[in-house]
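Asker: Here is my input; please provide its structure:
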Amino acid sequence: MDWSSLSGIGLALIGILFGQAIEGGHVGSLLQPAAFMIVLCGTFGAVLLQTNAKSFILGILMVRQVFATPIDDRQALAKRINIWSIHSRKEGIFTLESYLKNETDPFIKKGLLLMIDGTPPDKIREICSIDMHFYEVQQRNAAKVWNAAGGYAPTIGILGAVLGLIHVMENLSDPGRLGGGIAVAFVATIYGVGLANLIFLPISNKLKALIQHEMMRREMLLNAWVSIAKGDHPRIVEERLLAYLR
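Answerer: I've put the predicted structure just below:
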(Lines give C-alpha, C1' and ligand atoms only; values in the text may rest on other atoms or scores of the structure.)
Protein backbone atom coordinates (compact mmCIF):
# COMPACT_ATOMS: atom_id res chain seq x y z
CA MET A 1 0.00 0.00 0.00
CA ASP A 2 1.31 3.43 -0.97
CA TRP A 3 0.69 5.41 2.19
CA SER A 4 1.69 8.71 0.58
CA SER A 5 -1.28 8.46 -1.82
CA LEU A 6 -3.70 7.54 0.96
CA SER A 7 -2.29 10.26 3.22
CA GLY A 8 -2.70 12.85 0.47
CA ILE A 9 -6.38 12.05 -0.03
CA GLY A 10 -6.95 11.86 3.72
CA LEU A 11 -5.28 15.21 4.35
CA ALA A 12 -7.33 16.89 1.62
CA LEU A 13 -10.63 15.53 2.96
CA ILE A 14 -9.78 16.41 6.55
CA GLY A 15 -8.91 19.96 5.51
CA ILE A 16 -12.24 20.41 3.72
CA LEU A 17 -14.35 18.88 6.50
CA PHE A 18 -12.47 20.73 9.24
CA GLY A 19 -12.85 24.00 7.36
CA GLN A 20 -16.57 23.34 6.99
CA ALA A 21 -16.84 22.75 10.74
CA ILE A 22 -14.92 25.94 11.57
CA GLU A 23 -17.35 27.94 9.47
CA GLY A 24 -20.18 26.47 11.51
CA GLY A 25 -21.45 24.23 8.76
CA HIS A 26 -22.57 20.64 9.10
CA VAL A 27 -20.70 17.81 7.41
CA GLY A 28 -24.03 16.26 6.46
CA SER A 29 -24.83 19.23 4.24
CA LEU A 30 -21.98 18.14 1.93
CA LEU A 31 -23.39 14.64 1.50
CA GLN A 32 -25.78 14.83 -1.43
CA PRO A 33 -26.09 11.52 -3.35
CA ALA A 34 -27.98 13.12 -6.25
CA ALA A 35 -25.29 15.75 -6.85
CA PHE A 36 -22.57 13.10 -6.55
CA MET A 37 -24.23 10.85 -9.12
CA ILE A 38 -24.71 13.74 -11.56
CA VAL A 39 -21.04 14.72 -11.37
CA LEU A 40 -19.59 11.20 -11.37
CA CYS A 41 -21.79 9.69 -14.09
CA GLY A 42 -21.71 12.83 -16.21
CA THR A 43 -17.92 13.08 -16.01
CA PHE A 44 -17.16 9.48 -16.88
CA GLY A 45 -19.85 9.47 -19.55
CA ALA A 46 -18.09 12.38 -21.25
CA VAL A 47 -14.71 10.67 -20.86
CA LEU A 48 -16.06 7.42 -22.35
CA LEU A 49 -17.43 9.38 -25.31
CA GLN A 50 -13.95 10.69 -26.20
CA THR A 51 -12.03 7.49 -25.36
CA ASN A 52 -12.11 4.02 -26.86
CA ALA A 53 -13.41 1.32 -24.52
CA LYS A 54 -10.07 -0.48 -24.22
CA SER A 55 -8.19 2.63 -23.06
CA PHE A 56 -11.06 3.57 -20.74
CA ILE A 57 -11.09 0.19 -18.99
CA LEU A 58 -7.29 0.10 -18.78
CA GLY A 59 -7.27 3.61 -17.30
CA ILE A 60 -9.75 2.60 -14.60
CA LEU A 61 -7.73 -0.53 -13.77
CA MET A 62 -4.50 1.48 -13.55
CA VAL A 63 -5.82 3.22 -10.41
CA ARG A 64 -4.53 0.21 -8.46
CA GLN A 65 -0.99 1.27 -9.30
CA VAL A 66 -1.53 4.63 -7.60
CA PHE A 67 -2.28 2.97 -4.25
CA ALA A 68 -0.02 -0.08 -4.59
CA THR A 69 3.32 -0.22 -2.81
CA PRO A 70 5.86 1.45 -5.13
CA ILE A 71 8.46 -1.04 -6.38
CA ASP A 72 11.82 -0.02 -7.77
CA ASP A 73 13.64 -3.16 -8.92
CA ARG A 74 16.42 -1.42 -10.87
CA GLN A 75 19.08 -2.47 -8.36
CA ALA A 76 18.04 -6.12 -8.65
CA LEU A 77 17.84 -5.79 -12.44
CA ALA A 78 21.34 -4.30 -12.56
CA LYS A 79 22.69 -7.31 -10.65
CA ARG A 80 21.01 -9.73 -13.05
CA ILE A 81 22.30 -7.79 -16.03
CA ASN A 82 25.84 -7.94 -14.68
CA ILE A 83 25.48 -11.71 -14.31
CA TRP A 84 24.25 -11.99 -17.91
CA SER A 85 27.15 -9.85 -19.09
CA ILE A 86 29.80 -11.89 -17.27
CA HIS A 87 28.22 -15.19 -18.30
CA SER A 88 27.99 -14.25 -21.97
CA ARG A 89 31.58 -12.95 -21.90
CA LYS A 90 32.94 -16.21 -20.49
CA GLU A 91 30.74 -18.86 -22.09
CA GLY A 92 29.10 -17.12 -25.04
CA ILE A 93 25.87 -15.21 -25.47
CA PHE A 94 23.98 -18.31 -26.63
CA THR A 95 24.31 -19.86 -23.14
CA LEU A 96 22.02 -17.20 -21.60
CA GLU A 97 19.08 -19.50 -22.28
CA SER A 98 19.49 -20.96 -18.77
CA TYR A 99 18.38 -17.58 -17.32
CA LEU A 100 15.31 -17.32 -19.53
CA LYS A 101 13.10 -19.65 -17.49
CA ASN A 102 13.55 -17.52 -14.35
CA GLU A 103 12.09 -14.40 -15.97
CA THR A 104 8.38 -13.58 -15.94
CA ASP A 105 8.47 -10.09 -17.48
CA PRO A 106 7.55 -10.44 -21.21
CA PHE A 107 9.80 -7.52 -22.15
CA ILE A 108 12.83 -9.07 -20.44
CA LYS A 109 12.10 -12.45 -22.05
CA LYS A 110 11.90 -10.81 -25.47
CA GLY A 111 15.28 -9.11 -25.01
CA LEU A 112 16.98 -12.27 -23.81
CA LEU A 113 15.52 -14.28 -26.68
CA LEU A 114 16.76 -11.74 -29.21
CA MET A 115 20.29 -11.98 -27.80
CA ILE A 116 20.20 -15.77 -27.63
CA ASP A 117 19.04 -15.93 -31.26
CA GLY A 118 22.09 -13.91 -32.28
CA THR A 119 20.14 -10.84 -33.37
CA PRO A 120 22.48 -7.94 -34.32
CA PRO A 121 22.64 -5.12 -31.72
CA ASP A 122 21.03 -2.54 -34.02
CA LYS A 123 18.12 -4.90 -34.69
CA ILE A 124 17.67 -5.53 -30.96
CA ARG A 125 17.43 -1.78 -30.41
CA GLU A 126 15.01 -1.35 -33.30
CA ILE A 127 12.67 -4.17 -32.26
CA CYS A 128 12.63 -3.28 -28.57
CA SER A 129 12.26 0.44 -29.27
CA ILE A 130 9.12 -0.26 -31.30
CA ASP A 131 7.78 -2.38 -28.44
CA MET A 132 8.56 0.40 -25.94
CA HIS A 133 6.94 3.06 -28.11
CA PHE A 134 3.61 1.27 -28.43
CA TYR A 135 3.65 0.31 -24.74
CA GLU A 136 4.11 3.97 -23.80
CA VAL A 137 1.37 5.10 -26.19
CA GLN A 138 -1.06 2.54 -24.75
CA GLN A 139 -0.27 3.46 -21.14
CA ARG A 140 -0.41 7.22 -21.69
CA ASN A 141 -3.72 6.98 -23.55
CA ALA A 142 -5.13 5.07 -20.58
CA ALA A 143 -3.76 7.63 -18.09
CA LYS A 144 -5.42 10.42 -20.09
CA VAL A 145 -8.76 9.09 -18.87
CA TRP A 146 -8.10 10.71 -15.50
CA ASN A 147 -6.73 13.90 -17.01
CA ALA A 148 -9.89 14.21 -19.10
CA ALA A 149 -12.05 13.52 -16.04
CA GLY A 150 -10.27 16.34 -14.24
CA GLY A 151 -11.17 18.67 -17.09
CA TYR A 152 -14.84 17.72 -17.36
CA ALA A 153 -15.75 17.37 -13.66
CA PRO A 154 -15.89 21.11 -12.76
CA THR A 155 -18.17 21.84 -15.74
CA ILE A 156 -20.43 18.90 -14.91
CA GLY A 157 -20.51 20.23 -11.35
CA ILE A 158 -21.83 23.55 -12.63
CA LEU A 159 -24.39 21.65 -14.68
CA GLY A 160 -25.51 19.87 -11.51
CA ALA A 161 -25.77 23.20 -9.70
CA VAL A 162 -27.96 24.64 -12.45
CA LEU A 163 -30.22 21.58 -12.32
CA GLY A 164 -30.50 22.07 -8.56
CA LEU A 165 -31.38 25.74 -8.99
CA ILE A 166 -34.09 24.80 -11.50
CA HIS A 167 -35.55 22.54 -8.82
CA VAL A 168 -35.39 25.45 -6.34
CA MET A 169 -37.17 27.79 -8.75
CA GLU A 170 -39.97 25.26 -9.04
CA ASN A 171 -40.56 25.64 -5.29
CA LEU A 172 -40.63 29.45 -5.02
CA SER A 173 -44.04 29.21 -3.42
CA ASP A 174 -42.36 27.82 -0.28
CA PRO A 175 -39.76 30.45 0.84
CA GLY A 176 -38.68 28.32 3.77
CA ARG A 177 -37.14 25.78 1.43
CA LEU A 178 -35.20 28.22 -0.75
CA GLY A 179 -32.07 28.58 1.41
CA GLY A 180 -31.55 24.87 1.89
CA GLY A 181 -32.33 24.15 -1.74
CA ILE A 182 -29.78 26.65 -3.01
CA ALA A 183 -27.16 25.22 -0.65
CA VAL A 184 -27.84 21.72 -1.95
CA ALA A 185 -27.58 22.93 -5.55
CA PHE A 186 -24.09 24.33 -5.05
CA VAL A 187 -22.83 21.10 -3.48
CA ALA A 188 -22.64 19.75 -7.05
CA THR A 189 -20.08 22.46 -7.86
CA ILE A 190 -18.04 21.43 -4.81
CA TYR A 191 -18.10 17.82 -5.98
CA GLY A 192 -17.01 18.77 -9.49
CA VAL A 193 -14.13 21.01 -8.46
CA GLY A 194 -13.13 18.79 -5.54
CA LEU A 195 -13.05 15.53 -7.49
CA ALA A 196 -11.11 17.17 -10.32
CA ASN A 197 -8.40 18.78 -8.20
CA LEU A 198 -8.18 16.35 -5.29
CA ILE A 199 -8.71 13.01 -7.05
CA PHE A 200 -8.73 12.92 -10.85
CA LEU A 201 -5.81 15.23 -11.77
CA PRO A 202 -3.49 13.91 -8.99
CA ILE A 203 -4.20 10.34 -10.14
CA SER A 204 -3.39 11.33 -13.72
CA ASN A 205 -0.08 12.93 -12.72
CA LYS A 206 0.86 9.96 -10.52
CA LEU A 207 0.21 7.54 -13.38
CA LYS A 208 2.34 9.65 -15.72
CA ALA A 209 5.23 9.45 -13.23
CA LEU A 210 4.83 5.66 -12.95
CA ILE A 211 4.83 5.29 -16.75
CA GLN A 212 7.96 7.43 -16.98
CA HIS A 213 9.65 5.24 -14.36
CA GLU A 214 8.78 2.08 -16.29
CA MET A 215 10.08 3.57 -19.54
CA MET A 216 13.38 4.43 -17.85
CA ARG A 217 13.59 0.85 -16.54
CA ARG A 218 13.04 -0.54 -20.03
CA GLU A 219 15.55 1.87 -21.51
CA MET A 220 18.12 0.61 -19.00
CA LEU A 221 17.44 -2.97 -20.06
CA LEU A 222 17.60 -2.15 -23.76
CA ASN A 223 20.93 -0.35 -23.51
CA ALA A 224 22.34 -3.25 -21.50
CA TRP A 225 21.19 -5.82 -24.07
CA VAL A 226 22.71 -3.85 -26.93
CA SER A 227 25.97 -3.51 -25.02
CA ILE A 228 26.10 -7.23 -24.22
CA ALA A 229 25.25 -8.14 -27.84
CA LYS A 230 28.13 -5.96 -29.01
CA GLY A 231 30.47 -7.94 -26.78
CA ASP A 232 31.36 -5.01 -24.48
CA HIS A 233 33.37 -5.78 -21.36
CA PRO A 234 31.19 -6.37 -18.23
CA ARG A 235 32.85 -3.36 -16.58
CA ILE A 236 31.59 -1.11 -19.40
CA VAL A 237 28.09 -2.56 -19.07
CA GLU A 238 28.16 -1.92 -15.33
CA GLU A 239 29.32 1.69 -15.75
CA ARG A 240 26.43 2.37 -18.14
CA LEU A 241 23.98 0.93 -15.64
CA LEU A 242 25.18 3.25 -12.89
CA ALA A 243 23.66 6.26 -14.68
CA TYR A 244 20.18 4.72 -14.20
CA LEU A 245 20.74 3.89 -10.54
CA ARG A 246 21.74 7.30 -9.28
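Asker: Quick check: buried residues in the helix or strand where residue 13 lies?
Answerer: Assigned by DSSP states H and E, residue 13 belongs to helix 3-22. Neighbour-count burial for helix 3-22, with 16 or more other Cβ atoms under 10 Å as criterion, is recorded at residue 5. Placement of C-beta: from N, CA and C, glycine included.
Asker: what's in contact with it?
Answerer: 26, 27, 29, 30, 66, 67, 194, 198, 199, 202, 206 (Cβ atoms under 8 Å, 6 or more residues apart in numbering).
Asker: Now for residue 111: which residues touch it?
Answerer: Taking Cβ under 8 Å, 6+ apart, one finds 124, 128, 221, 222, 225 in contact with residue 111.
Asker: That one: what secondary structure?
Answerer: helix (DSSP: H, G, I helix; E, B strand; the rest coil).
Asker: which residues touch residue 71?
Answerer: Neighbours of residue 71 in contact, by Cβ under 8 Å, 6+ apart: none.
Asker: Just say helix, strand or coil for it.
Answerer: Classification of residue 71 by three-state DSSP places it in coil.
Asker: which residues in this protein form strands?
Answerer: Here the chain has no strands by DSSP state E.
Asker: And the helices in it?
Answerer: 3-22, 33-50, 53-61, 63-67, 74-91, 97-100, 106-116, 121-169, 178-195, 201-230, 234-245 (DSSP state H).
Asker: Just want the angle from the fifth one to helix 201-230.
Answerer: Pointing back at helix 74-91 there. 10 degrees (axes from the mean of the first three to the mean of the last three Cα atoms, to 10 degrees).
Asker: Measure how far helix 74-91 is from the centre of its chain, please.
Answerer: Distance of helix 74-91 from the chain centroid (Cα atoms, centre = their mean, to the nearest Å) equals 30 Å.
Asker: Tell me the pLDDT of the most centrally placed residue in the chain.
Answerer: Central residue of the chain (Cα atoms, centre = their mean): residue 207, 2.0 Å from the mean position. Listed pLDDT for residue 207 reads 96.
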